[in-house]
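Chemist: any chance you can model this:
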Amino acid sequence: MRKIVLAFLIAPLWVPAAAIPFAVFVFPHPEQRHWIYFTTIIAAIFAYGGVAALGLPAFLILRNRKHTSFWIAPALGFGVGIVTLVAFLALFALSLGSPRPFANVMPNSLAQWLTFLLTGALGAAVGATLWLIARPDHAGRAR
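Modeler: Okay, the predicted model is just below:
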């Protein structure tokens, strides 16, 4: 149980770690430093929120059904990353007062497709890290 809790605390840290260089690139001036912090905090909130809302239930269901192969974790993480991105984009649109928050969420340009793919890859890294720490394939074995 301890390894599972540790896995769910450590694995999502990939997202704010990836958000820092992105934010430094987007906000290069010293007077914009607060936006780097803000971006990192928002990334952490959505990373942990996505893992808690989608990853944890999926992990528990798959572990109980003995579907513990490694390949499932990055594949599921990819999907969780994309669903979390869509939730972020919809909430961001709502915060800007958009009457149709999902109107521009789906990718329709190369840059948007790359954003979805990179976010999915980041989710896959979170899923793989979670699996490597928690090792659900070893559940029930005596140590």
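Chemist: from here on, just use CA atoms for contacts and neighbour counts.
Modeler: OK.
Chemist: where do the strands sit along this structure?
Modeler: Counting by DSSP state E, the chain has no strands at all.
Chemist: mind listing the helices for this protein?
Modeler: 2-10, 14-26, 33-50, 56-64, 72-95, 110-134 (DSSP state H).
Chemist: ok, which of the ones you listed comes nearest Pro101?
Modeler: If you check each of the helices of the chain against Pro101 by C-alpha to C-alpha, helix 72-95 wins as the nearest, at 4.9 Å.
Chemist: what pLDDT, on average, does that closest one get?
Modeler: Averaged across helix 72-95, pLDDT comes to 93.
Chemist: show me how far it is from its chain's centre.
Modeler: 7 Å (C-alpha atoms, centre = their mean, to the nearest Å).
Chemist: what's stretch 113-129 in contact with?
Modeler: Contacts to stretch 113-129, defined as C-alpha atoms under 8 Å, 6 or more residues apart in numbering, come from residues 7, 11-15, 70, 73-82, 85, 107.
Chemist: which of the residues you listed count as buried?
Modeler: 7, 11-15, 73-82, 85 (16 or more other C-alpha atoms under 10 Å).
Chemist: just put the helices of the chain in JSON lines and tack on distance to Phe102.
Modeler: Shown next, in JSON lines, are those (distance: least, C-alpha to C-alpha, whole Å):
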{"stretch": "helix 2-10", "distance to Phe102": "29"}
{"stretch": "helix 14-26", "distance to Phe102": "23"}
{"stretch": "helix 33-50", "distance to Phe102": "18"}
{"stretch": "helix 56-64", "distance to Phe102": "25"}
{"stretch": "helix 72-95", "distance to Phe102": "6"}
{"stretch": "helix 110-134", "distance to Phe102": "14"}
